[in-house]
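Enquirer: Using only what follows, build the 3D model:
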Amino acid sequence: MKTYDIIIIGAGASGVFMSYELARLETDAKILMIDKGAYLQKRQCPIKAGAKNCLKCSPCHIMNGYGGAGTLSDGKYNITTQFGGDLHNYVGVDKALELMEYVDEVLCSMGGSDAKLYSTASSELKTTALRNNLHLLEAKVRHLGTDRNVRILGKIFDYCSERIETQFYTIIEDVEVGDDGFFVLTTDKGEKYRCKDLVMATGRSGSKWSSQICDQLGIKQKKNRVDIGVRVELPAEIFKHITDDVYESKIVYKTDKYNDMVRTFCMNPYGEVVAENTNGIVTVNGHSYADPKLRTENTNFALLVSNKFTEPFKDSNEYGESIARLSNMLGGGVLLQRFGDLVKGRRSSARRMEKCFTRPTLQATPGDLSLVIPKRQLDNIIEMIYALDKIAPGTANEDTLLYGVEVKFYNSKIDVDENLQTAVPGLYALGDGSGVTHSLSQASASGVYVGRILAEKYGKKE
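Expert: You can find the predicted model right below:
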């Protein structure tokens, strides 16, 4: 049985930046980072290689592996406390922003300095949005692009490789706490590891696993929300005046019909729509690139409706999964519908799609989203599209494409203290896996934060 000082479970944004900070500070600790996914170089979605539909790889290369779900994303880092998580509630607003600015400095030093830093703070868009009952959230946005993001992560891995041991294609099946206070981990390969400090950095795809471990160890959790919606794709010219100005516009709208909140999420100018596999369920997402040669003629973004539940129902993620399963059952994966067909109450057939002026960037099954998404959420989404049409005319065109479903799963919020440590001494929960953060910037910042705490505990190599 190998013994380590620190074991990090999960090589996503929080795990990567924690390992970077521990390596930079040259801590005396012996460290192992474990992930169930692949090495960075091996992360290739079969769809990118020519497969027509999601093959449901296990584990999913989009979601798992070095860098986590952020690796093959469009590499957007939002420096803000207005959205993206609640890290500021644990470390303070100033500290949270300081940590996110530090993450940005690291990214720039590793090859991200050429990426433009956008800001929504003084944008005319904010005024225009308010005049139309829409609310633009403030943030600084560094867009790296999927291509540049992968290169930067490769440099971070190389920087850490001499100091941090990593193991991929490995699943932790059990975690026990010994009488001596050490954690004992058992893998799917039957191997056992011991450590003094254990860090759960499993990300959203590890939500069920982290909840199970917390239940097993008696750690309190608070059920979080789930966001249900669609991925919108339309000609890039429609949103060009917005994306050229602020790139990532987080716009919130309160619907008249239900008084529910709908928001835009993950805007990808000149990007492509992609499928991703979370726990065997195929949902939809979006990417964009820094290299102009890789850009498309379309822009895509999500429209999401937040759902919170009261007693007796407790499992919000299961609710989201059930809707996604229905989409998978009807469409064999992702469903696609023209907005004009949706509002007219008819399915988008292959024949209707042939006449569509907007060319889809993801091969999906033409169908009827009203058979999948509950009426309340769908009514909210339709109302939001008409609201966006006021500031970006053309959003409500008949040939605007809607892919479904997009689901944002949130881990149950794990009970942690100001150091992101649980009630079990030496057990930390950080990043999106803790339910504390919901973004690349805040997840990475949480990794830096705990990395510094443990570096101070173990001291520097002489």
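
Enquirer: Export stretch 99-107 to PDB, keeping only CA atoms.
Expert: Only the C-alpha atoms of stretch 99-107 are listed here, as PDB (Å, rounded to 0.1, in the frame of the first residue of the first chain):
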ATOM      1  CA  LEU A  99      -7.500  34.400  -6.500                       C
ATOM      2  CA  MET A 100      -9.300  34.600  -9.800                       C
ATOM      3  CA  GLU A 101      -7.000  37.300 -11.000                       C
ATOM      4  CA  TYR A 102      -4.100  35.100 -10.000                       C
ATOM      5  CA  VAL A 103      -5.500  32.200 -12.000                       C
ATOM      6  CA  ASP A 104      -5.700  34.600 -15.000                       C
ATOM      7  CA  GLU A 105      -2.000  35.600 -14.500                       C
ATOM      8  CA  VAL A 106      -1.000  31.900 -14.500                       C
ATOM      9  CA  LEU A 107      -3.000  31.300 -17.700                       C
END
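
Enquirer: buried sites along it?
Expert: The neighbour-count check on stretch 99-107 (16 or more other C-beta atoms under 10 Å) flags 99-100, 102-104, 106-107 as buried. For glycine as for every other residue, the C-beta is placed from the backbone atoms N, C-alpha and C.

Enquirer: Residues contacting it, please?
Expert: 17, 20, 77, 79-80, 87, 91, 112, 117, 142, 144, 152, 156, 441-442, 444-446, 448-449 (C-beta atoms under 8 Å, 6 or more residues apart in numbering).

Enquirer: roughly how far out does that stretch sit from the chain middle?
Expert: Distance of stretch 99-107 from its chain centroid, counting by C-alpha atoms, centre = their mean, to the nearest Å, is 18 Å.

Enquirer: Same check on stretch 187-205?
Expert: Worked out by C-alpha atoms, centre = their mean, stretch 187-205 lies 21 Å from the chain centre.

Enquirer: State the mean pLDDT of that stretch.
Expert: Average pLDDT, stretch 187-205: 94.

Enquirer: Neighbours of the closest residue to Gly280 other than its chain neighbours, how many?
Expert: Spatial nearest neighbour of Gly280, chain neighbours left out: Lys56 (6.2 Å); criterion: C-beta to C-beta, 6 or more residues apart in numbering. Counted with other C-beta atoms under 10 Å, residues neighbouring Lys56 total 14.

Enquirer: hang on, isn't Lys56 packed against Asn277?
Expert: Yes. Contact criterion C-beta atoms under 8 Å: Lys56 and Asn277 qualify, at 5.4 Å.

Enquirer: Could you list the low-pLDDT ranges of the stretch 1-150 of the chain?
Expert: 52, 122 (pLDDT under 70).

Enquirer: ok, so of the buried residues of stretch 99-107, who is nearest Ile381?
Expert: For those, the minimum distance to Ile381 (C-beta to C-beta) is 30.2 Å, reached by Met100.

Enquirer: now the one helix or strand that closest one maps to, how far from the chain's geometric center?
Expert: Using DSSP states H and E, Met100 maps to helix 93-107. Its chain's C-alpha centre and that of helix 93-107 lie 18 Å apart, by C-alpha atoms, centre = their mean.

Enquirer: Tell me which strands the helix or strand just after that helix pairs with, and in which orientation.
Expert: Sequence order places strand 117-119 as the next helix or strand after helix 93-107, per DSSP H and E. Sheet pairing for strand 117-119, assigned by DSSP bridges, gives strand 140-143 (antiparallel).

Enquirer: Identify each buried residue in the strand it pairs with, please.
Expert: In strand 140-143, counting by 16+ other C-beta under 10 Å, buried: 140-143.

Enquirer: who's in contact with it?
Expert: 74-80, 104, 107, 112, 115-121, 246-248, 288, 290.

Enquirer: one more time with 10 Å, if that's ok
Expert: 74-80, 97, 100-101, 103-104, 107-108, 112-113, 115-121, 149, 243, 246-250, 267-269, 288-290, 440-441 (C-beta atoms under 10 Å, 6 or more residues apart in numbering).
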